[in-house]
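Peer 1: here is a sequence together with a model predicted from it:
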Amino acid sequence: MKKFGSPSYLIVVAMIFTAATFLSCEKKKAPVEVKKEHKEPSDWEPTTAELIMGKEVYVAECALCHNHGEEQSPRLGKIMDWEERLKQSPETMIKKSIEGFIGEEGEMPARGGSPYLTDEQMAAAVKFMIATPKH
């Protein structure tokens, strides 16, 4: 009986050891950051608690009008709809959304027609709409 086995066995073991050593020494690549393209503005996922609540309120109460521009409401994510409105302060837009507003080309019912929404919820929804990426 040979002490180290057959030469072909030793060659196979040496090849496996070499391959394992090579693969374990391979440099690890840094993870690639994938930027998500937002096909729809509502695809955007906010990360702060206030904006997350704002999106929830938007989806439940505001989307019906703001997704389609009902009564000339600014559509979510449409820069042309928001250009003039963004010249106002966020506080002014929040106040108009809470109290209601009748303009030359449209109107915003008080609390969007949902009287049970709190001031905090209304503010969060407006801030979400302002923060949503626009194109």
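Peer 2: It's in.
Peer 1: which residue is the nearest non-sequential neighbour of Lys78?
Peer 2: Lys134 (6.6 Å; C-beta to C-beta, 6 or more residues apart in numbering). All C-beta spots, glycine's among them, are computed from the backbone N, C-alpha and C.
Peer 1: right, and that neighbour touches Gly77 too?
Peer 2: Yes - taking contacts as C-beta atoms under 8 Å, Lys134 lies within contact range of Gly77: 5.2 Å.
Peer 1: mind listing what the residue nearest to Lys78 touches?
Peer 2: 41, 77-79, 82 (C-beta atoms under 8 Å, 6 or more residues apart in numbering).
Peer 1: roughly how far apart are it and Glu83?
Peer 2: For Lys134, the distance to Glu83 (C-beta to C-beta, to the nearest Å) stands at 9 Å.
Peer 1: shared neighbours, the two?
Peer 2: Common neighbours of Lys134 and Glu83 (C-beta under 8 Å, 6+ apart) do not exist.
Peer 1: could you list the low-pLDDT ranges of the chain?
Peer 2: Where the chain drops to pLDDT under 70, the residues are 1-15, 17-42.
Peer 1: mind listing what Glu91 touches?
Peer 2: Neighbouring residues of Glu91 by C-beta under 8 Å, 6+ apart: there are none.
Peer 1: my guess is it is in a helix, correct?
Peer 2: Yes - counting by DSSP: H, G, I helix; E, B strand; the rest coil, Glu91 is located in a helix.
Peer 1: gap between it and Ile52?
Peer 2: Taken as C-beta to C-beta, the span from Glu91 to Ile52 is 21 Å.
Peer 1: could I get the full set of helices for the chain?
Peer 2: 7-25, 49-57, 63-66, 79-82, 90-99, 119-131 (DSSP state H).
Peer 1: show me what contacts Lys96?
Peer 2: Contacts of Lys96 (C-beta under 8 Å, 6+ apart): Met108.
Peer 1: can you check the one 3 residues further on too?
Peer 2: Applying C-beta under 8 Å, 6+ apart, one finds that Glu99 lies in contact with Ala110.
Peer 1: residues touching Glu61, list them.
Peer 2: So Glu61 contacts 112, 114, 117, 125 (C-beta under 8 Å, 6+ apart).
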